[in-house]
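Chemist: Sequence plus predicted model, see below.
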Amino acid sequence: MGKLFGTDGARGIANTELTAELALSIGRAAALVLAENAEHRPTVLIGKDTRTSSDMLEAALCAGLCSVGADVRLLGVIPTPAVAYLTRKYGADAGIMISASHNPSEYNGIKLFNGQGYKLPDAMEDRIEAIIQDKAAQIPQPVGGGVGRVLRCDEAVNDYVRHLVGSTHASLRGMKLVVDCANGSASATARQLFSALEADCTFIHCEPNGTNINENCGSTHLEQLSDYVKTHKCFAGITFDGDADRFLAVDENGSQIDGDKIIAALADDLNRKGLLPEHTAVVTVMSNLGFFRCCEQNGIRAVQTRVGDRYVLEEMLRGGYAVGGEQSGHVILTQWATTGDGQLTAVQLLSLCRERGQKMSRVVSLMERYPQVLTNVRADAAQKAAFQADAALHERIEQVNLSFGGEGRVLVRVSGTEPLIRVMVEGKDFDQINRAAVELSEEIKKAVAHAV
């Protein structure tokens, strides 16, 4: 078995890769690690998204945790950021979210949070992996009163929604919105949230059946949302992914608004109010060049990290920063959350529109998005290694980069999760960047073709 936990928990096709047996083992090992770091009987919260397999994995995790003496509180269907928030609010020792985020319904995942609501540190995940894969510790089997108990938490949704509503002083009364819940976790919370904020909402893709999560809807499919906004003359459309830790939007014209534009708008607003620590926003190297130009023009320092919201959060905590995230819609607002929270971000962006009395298109107009071309070159492990070792190829990439004269850039990186080398080129001239992307991809393909 390879490495169990990636940058966002354990994930795979449910019941073949992510099996009930594996979930049971994760529960047992997690309970043991928590007991090692606590002087009391551990309590673990479990939330889940709407996939059919989530019930199976929840039952297996419960069995594993209780068999080692941990108590479990079931939150039911709820967003990932709700698990992080409630773990801290309820004083639990850990939280577990069962979800594969934006992936199709046959996938699922197990994501762990510590008692402060942050993703479990690498050292603890490594310890759990070692127990599962290498039998690095003997797992106890308590009996009688030593076995853990399972309780249901009926107030989880209410407590989380109150937290979101409390993040704003604005009312969204009369704001005509269409909300796409991706047939996922937001289906359990969005109606209550936007009702409390008095928005005039139509909800779509809010009827999960276990297999329709993310199916032609949500943050990876904005076409229907855009059409609906234009046809029904809405103020905006908002959408989430399967576990509602991502948020994207379309403005009143049906134009798509990505995470970069959202982060730029929120960071600029805080900066103008003197509330942006060190005048800094944190994004990944994949953020659009237009974001960095926007920051330069508006007195904001843009700090870059490697791809992954885990790395964005690490940098935010290191520097004490307030706003960060990814182009994909993971936005982290540390004043209110310990992880990306789609509904929280939506509330903040809509509140900003109401506060300024401006349309959505105007509020996000601060940033001009540069055209961007993404291509992939298939590459196995040997070919990836050959690419990384090819000095002449890297010099060629840098030459292309310099040829843009600051009006474009090239980013080539090896995928950590797929057999691909990813080529991204962006700039003001689409024909120029498209030509560069195609030519570089072909050169990389030829250079690594014979790697052994």
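Modeler: Okay, I see it. Numbers count the residues shown, from 1 in each chain.
Chemist: what sits against the closest residue in space to residue 252 that isn't next to it in sequence?
Modeler: Residue nearest to residue 252 in three dimensions, not counting chain neighbours: residue 359, with 5.5 Å by C-beta to C-beta, 6 or more residues apart in numbering. All C-beta atoms are positioned from the backbone trio N, CA, C, and that covers glycine. For residue 359, the contacting residues are 235, 251, 252, 353, taking C-beta atoms under 8 Å, 6 or more residues apart in numbering as the criterion.
Chemist: Identify, from the residues you listed, the entry nearest to residue 43.
Modeler: Top of the list for closeness to residue 43, among the contacts of residue 359 and by C-beta to C-beta, is residue 353 at 39.8 Å.
Chemist: Distance check, the closest one against residue 153.
Modeler: Note on residue 353: its distance to residue 153, by C-beta to C-beta, to the nearest Å, is 34 Å.
Chemist: doesn't residue 97 fall inside a strand?
Modeler: Yes - assessed by DSSP: H, G, I helix; E, B strand; the rest coil, residue 97 belongs to a strand.
Chemist: Which strand residues bridge it?
Modeler: Here residue 97 sits in beta bridges with residue 47, residue 111, going by DSSP bridges.
Chemist: shouldn't it be in contact with residue 83?
Modeler: Yes - counting by C-beta atoms under 8 Å, residue 97 does reach residue 83; the two are 4.6 Å apart.
Chemist: shared neighbours, these two?
Modeler: The contact sets of residue 97 and residue 83 overlap at 46, 47, 113 (C-beta under 8 Å, 6+ apart).
Chemist: and the last one, which of the three is it?
Modeler: The assignment at residue 113 comes out as strand when based on three-state DSSP.
Chemist: Can you get me a residue count around it?
Modeler: Using other C-beta atoms under 10 Å, residue 113 has 28 other residues around it.
Chemist: thinking again about what came up before, adding neighbour count, write the contacts of residue 359 out as a markdown table.
Modeler: Listed next are those as a markdown table, based on neighbours: other C-beta atoms under 10 Å:
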| residue | neighbour count |
| --- | --- |
| 235 | 21 |
| 251 | 23 |
| 252 | 17 |
| 353 | 22 |
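Chemist: Out of those, which is nearest to residue 313?
Modeler: Relative to residue 313, the closest of the contacts of residue 359 is residue 353; by C-beta to C-beta it sits at 26.2 Å.
Chemist: quick one: buried residues of the host helix or strand of that closest one?
Modeler: Secondary structure assignment for residue 353, by DSSP states H and E: helix 342-356. Of the residues in helix 342-356, those with enough neighbours to count as buried (16 or more other C-beta atoms under 10 Å) are 342-354.
Chemist: I'd like to know the average pLDDT value across it.
Modeler: Taken as a whole, helix 342-356 carries a mean pLDDT of 98.
Chemist: What are the contacting residues of the next helix or strand after that helix?
Modeler: Next along the chain after helix 342-356, taking DSSP H and E as the criterion, comes helix 360-363. Outside of helix 360-363, the residues that reach it under the criterion C-beta under 8 Å, 6+ apart are 235-236, 249, 251-253, 255, 257, 265, 349, 352-353, 356.
Chemist: Of these, which is the nearest to residue 433?
Modeler: For residue 433, the nearest member of the contacts of helix 360-363 is residue 255. The distance, counting by C-beta to C-beta, is 20.7 Å.
Chemist: Look up how far residue 199 lies from the closest one.
Modeler: Distance from residue 255 to residue 199, by C-beta to C-beta: 20 Å.
Chemist: can you check residue 120 too?
Modeler: Counting by C-beta to C-beta, the gap from residue 120 to residue 199 is 35 Å.
Chemist: Check residue 94 too.
Modeler: Note on residue 94: its distance to residue 199, by C-beta to C-beta, is 34 Å.
Chemist: The most centrally placed residue in the chain pairs with what?
Modeler: For the chain, the residue nearest the mean C-alpha position is residue 330 (4.4 Å; C-alpha atoms, centre = their mean). The partner list for residue 330 in beta bridges (DSSP bridges) reads residue 246.
Chemist: For it, list the residues it contacts.
Modeler: Residues 245, 246, 259, 309, 312, 340 are the ones in contact with residue 330 under the rule C-beta under 8 Å, 6+ apart.
Chemist: Distance of the first one relative to residue 351?
Modeler: Counting by C-beta to C-beta, the separation of residue 245 from residue 351 is 19 Å.
Chemist: Same question for residue 437.
Modeler: Between residue 437 and residue 351 the distance, using C-beta to C-beta, works out to 38 Å.
Chemist: right, and residue 174 touches residue 200 too?
Modeler: Yes - when contacts are counted by C-beta under 8 Å, residue 174 is listed as touching residue 200 (6.0 Å).
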